[in-house]
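Trainee: sequence first, then the predicted structure:
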Amino acid sequence: MEKLTGLNKFKTAVFISGTGSNFKNLIRFSKIKKSPISINLVISNLDKAKGLIHANKFKIKKKIFNFHNIIHTENKILTLLKKEKIKFICLAGFMKILSKNFIKRFNGKIINIHPSLLPKYKGLNTHHRALINGDKFTGCTVHYVTEKLDSGKIIMQKKIKIDDKDTLISLTKKVLKQEHKLYPAAIMKIFN
Ligand code: GRF
């Protein structure tokens, strides 16, 4: 990645489907001087995604795509990303799988956050799986997105202790808190 001067932050799009706590956190991070990215666009597959509220609040352009026809939708998204001069993509709780072609077009410039210590627990319900397996530790991972789900090169991970008293709710909360530290740290690592 090229070096930044602070004036030319990398224009970034965040893709979300849900609550958007990572999205909100990335917006906050993008506003600090040392952040290499600016958040210029949010894309969602759901117009009801709660996280879109942060787009309104921070005046970030938002676009909803229904993904009924993946190829057609991705082509529309690629056109939009080009128009908006987007150079980097952060997936943050985005529940659609991007095609090989889309990923290739943004080769090495799409990252994701996942709530487990990858390669353990790819896919959904990671905390539930960790709890029923009686794991002593879980964590979160920021990784590059490749065509194989949750399998791209790991950028950073944080290991988190699971306490005996942890429930699905407490563990989700605990991991999210660490995700909010890890995602910006991983972005800093990539651009340095
Ligand atoms: C996070 O746990 C993230 O790791 C996973 O989906 C969740 C999104 O949470 N990919 P939020 O919408 O950012 O609050």
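Mentor: Thanks, I have the structure now.
Trainee: count of residues packed around the residue of the chain at minimum distance from the ligand?
Mentor: At 2.7 Å from the ligand, residue 93 is the closest residue in the chain, using Cβ to the nearest ligand atom. In short, each C-beta sits where N, CA and C put it, glycine included. For residue 93, the count of nearby residues is 23 (other Cβ atoms under 10 Å).
Trainee: do the same with residue 129
Mentor: Residues near residue 129, counting by other Cβ under 10 Å, number 15.
Trainee: tell me which helix or strand it sits in.
Mentor: Assigned by DSSP states H and E, residue 129 falls within helix 126-132.
Trainee: buried stuff in the top helix by length along the chain?
Mentor: Using DSSP state H to define each element, the chain has its longest helix at helix 168-191. Within helix 168-191, the residues scored as buried using 16 or more other Cβ atoms under 10 Å are 171, 174-176, 178-180, 182-184, 186-187, 190-191.
Trainee: before we move on, the earlier item: per-residue confidence for the residue of the chain closest to the ligand?
Mentor: If you check residue 93, the pLDDT there is 98.
Trainee: please name the nearest non-neighbouring residue to it.
Mentor: Distance criterion Cβ to Cβ, 6 or more residues apart in numbering; nearest residue to residue 93, sequence neighbours excluded, is residue 18 at 4.5 Å.
Trainee: which residues of the chain lie near the ligand?
Mentor: 16, 18-23, 51, 92-93, 113-115, 176, 179 (Cβ under 6 Å from any ligand atom).
Trainee: which of these fall in helices?
Mentor: Judged by DSSP H, helices contain the following of these: 21, 22, 23, 176, 179.
Trainee: list the contacts for the fourth one?
Mentor: By that I understand residue 176. 21, 22, 115 (Cβ atoms under 8 Å, 6 or more residues apart in numbering).
Trainee: the first one touches residue 178, doesn't it?
Mentor: Pointing back at residue 21 there. No: counting by Cβ atoms under 8 Å, residue 21 does not reach residue 178; the two are 12.0 Å apart.
Trainee: count the neighbours of the residue nearest to residue 93 for me.
Mentor: By other Cβ under 10 Å, 17 other residues sit near residue 18.
Trainee: ok, it - contacts?
Mentor: 49, 50, 51, 93, 95.
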